[in-house]
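Peer 1: Just a sequence and a predicted model for now, questions to come.
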Amino acid sequence: MRRLYILCLMLVALIGCSEKVVTDTDTVPTIQRVPVHPDYKIYYHRSDNMDRGHHDYYYEELVVDPAYYNNHDVKRGDVVYLEGVRENSKLPEFDISRVIALPGEQVSINAGQLYINGKKLDTFYGKAHRLGNDTEELKQFMNNEPNNSNVKNALDFLQSINIDEIKVPKDHIYLIGDDWFRSVDSRMFGSTETNKIKGKVLGYIEKHKWEASPTFEIASEGQKESTRLRGEIGKLAIVDISLTAGKPYQNFWFFWGKSDDLRGEFKVIAVKKGEEQRRTVFFAGGLSGTFRSADASVPPSNMTIPTPGLWRLEAYIGDRYFGSIVVDVN
């Protein structure tokens, strides 16, 4: 009988512990690589508020789905793309952050640990971090390097974060960046209206192959001679000509696709292999009509590639990424 009583007490204790924890088994720390769709937006964050120790969300292009929340609910753990999170601030016009609490939930912070409706948020983003290290990991660093002032300052800061329980209003969310030391978020300016969300960050743009794009030929009906192009068949291409660094050259651009995807201003951003700098090397007010077998085109206009090497020419139509062509510049 005594054993049964003890077992019952243990079961009650286990149930009580489980009820005091909020988990998230869907969200993982790994940032996925995503193939680009014409409806997606490419975003360059260039801020360290989401850094988990590997320049996360910083050095690489991010893929944002502007229409994601038209068909999905906002979930805890989502990294969202936001517009104007508060007025009269020095924050950028667009930003990204992680959803911590949802409308109607109670959120609090005790010594850097998040609580949702009084329950511990037990997930990788549920406690204060600095460059991917939580307070326990920073304490271990201090044991090994007791005189490291940077680690001590970070530890003291994270342990000092306390916020009394507040309720997230209707149509609002509570946001915190992954690096609590660097992020400006709901801890400072409160909950954010859900109508500020302009998309979900899906991950990094899929890695490009750094090799010259293949060539192919097209011809119009009734023409005997064909034109040699370089690019992606059925997507986009340019006339295959020799390119010399620093020398302006004129070239046709050809596009295939739905009419809705071929409307808007056209620009080309050039990225050299091994470099981070991005240069806008061409801009046009829009695309012209059909030409040869293509659904749309851009007449020849001057474009200059500054230095020799492999370059990726990224084509954007109406501020949407459409595709890219890799060229070898002499």
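Peer 2: Perfect, thanks for sending it.

Peer 1: who's in contact with the spatially closest residue to Gly309 that is not a sequence neighbour?
Peer 2: Nearest residue to Gly309 in three dimensions, chain neighbours excluded: Lys272, at 5.5 Å (CB to CB, 6 or more residues apart in numbering). In this view, the C-beta of every residue, glycine as well, is placed from N, C-alpha and C. By CB atoms under 8 Å, 6 or more residues apart in numbering, Lys272 lies in contact with Thr307, Gly309, Leu310, Trp311, Arg312.

Peer 1: what does Trp180 give?
Peer 2: Counting by CB under 8 Å, 6+ apart, Trp180 makes contact with Gly112, Ala128, His129, Arg130, Phe157, Leu158, Ile161, Arg187.

Peer 1: Please report how far Lys258 lies from Asp56.
Peer 2: Here Lys258 is placed at a distance of 35 Å from Asp56 (CB to CB, to the nearest Å).

Peer 1: Those two - which one has more neighbours?
Peer 2: Asp56 (20 against 9; other CB atoms under 10 Å).

Peer 1: so what's that one up against?
Peer 2: By CB under 8 Å, 6+ apart, the contact list for Asp56 reads Ile31, Met50, Asp178.

Peer 1: Quick one: classify it as helix, strand or coil.
Peer 2: coil (DSSP: H, G, I helix; E, B strand; the rest coil).

Peer 1: Check what pLDDT it gets.
Peer 2: Confidence at Asp56, expressed as pLDDT, is 91.

Peer 1: for Leu7, same thing?
Peer 2: Looking at Leu7, its pLDDT reads 47.

Peer 1: Make CSV out of the contacts of Trp180 and add neighbour count and secondary structure.
Peer 2: Below are the contacts of Trp180 laid out as CSV (neighbours: other CB atoms under 10 Å; DSSP: H, G, I helix; E, B strand; the rest coil):
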residue, neighbour count, secondary structure
Gly112, 20, coil
Ala128, 25, coil
His129, 26, coil
Arg130, 25, strand
Phe157, 16, helix
Leu158, 21, helix
Ile161, 19, coil
Arg187, 16, helix
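
Peer 1: So which of these is the closest to Pro38?
Peer 2: Nearest to Pro38, judged by CB to CB, of those is His129 at 35.4 Å.

Peer 1: show me the contacts for the closest one.
Peer 2: Per CB under 8 Å, 6+ apart, neighbours of His129: Arg52, Leu158, Asp178, Asp179, Trp180.

Peer 1: which residues of the stretch 201-330 of the chain score low on pLDDT?
Peer 2: Applying pLDDT under 70 to the stretch 201-330 of the chain flags the ranges 220-224.

Peer 1: Can you list the residue ranges for helices in it?
Peer 2: Remark: no helices are assigned in the stretch 201-330 of the chain by DSSP state H, counting those that start in this stretch.

Peer 1: As a check, name the ranges of all strands in it.
Peer 2: 215-218, 227-232, 236-239, 249-255, 266-272, 278-284, 296-303, 309-317, 320-329 (DSSP state E, counting those that start in this stretch).

Peer 1: Can you tell me what sits against the fourth one?
Peer 2: For strand 249-255, the external contacting residues (CB under 8 Å, 6+ apart) are 218, 229, 231, 235-239, 241, 243, 262, 266, 287, 291-292, 294-304, 315, 317, 322.

Peer 1: quick one on the thing from earlier: run through the bridge partners of the residue nearest to Gly309.
Peer 2: Using DSSP bridges, the bridge partners assigned to Lys272 are Trp311.

Peer 1: List the buried residues in stretch 204-215.
Peer 2: Neighbour counts over stretch 204-215 (16 or more other CB atoms under 10 Å) mark Tyr204, Ile205, Ser213 as buried.

Peer 1: Make sure the last one is actually in contact with Gly323.
Peer 2: No: contact between Ser213 and Gly323 fails when scored by CB atoms under 8 Å: they sit 9.8 Å apart.

Peer 1: shared neighbours, those two?
Peer 2: Common contact partners of Ser213 and Gly323 (CB under 8 Å, 6+ apart): Gly231, Glu232.

Peer 1: hang on, the earlier thing: what's the PyMOL line that selects buried ones from the contacts of strand 249-255?
Peer 2: Here is the PyMOL command that picks out the buried ones among the contacts of strand 249-255, judged by 16+ other CB under 10 Å:
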select buried, resi 218+229+231+235+236+237+238+239+243+262+266+287+291+294+295+296+297+298+303+315+317+322
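
Peer 1: And the nearest residue to Ala219 once chain neighbours are set aside, how far from Ile218?
Peer 2: Leaving aside its sequence neighbours, Ala219 sits nearest to Ser226 (CB to CB, 6+ apart; 3.9 Å). Per CB to CB, Ser226 is found 6 Å from Ile218.
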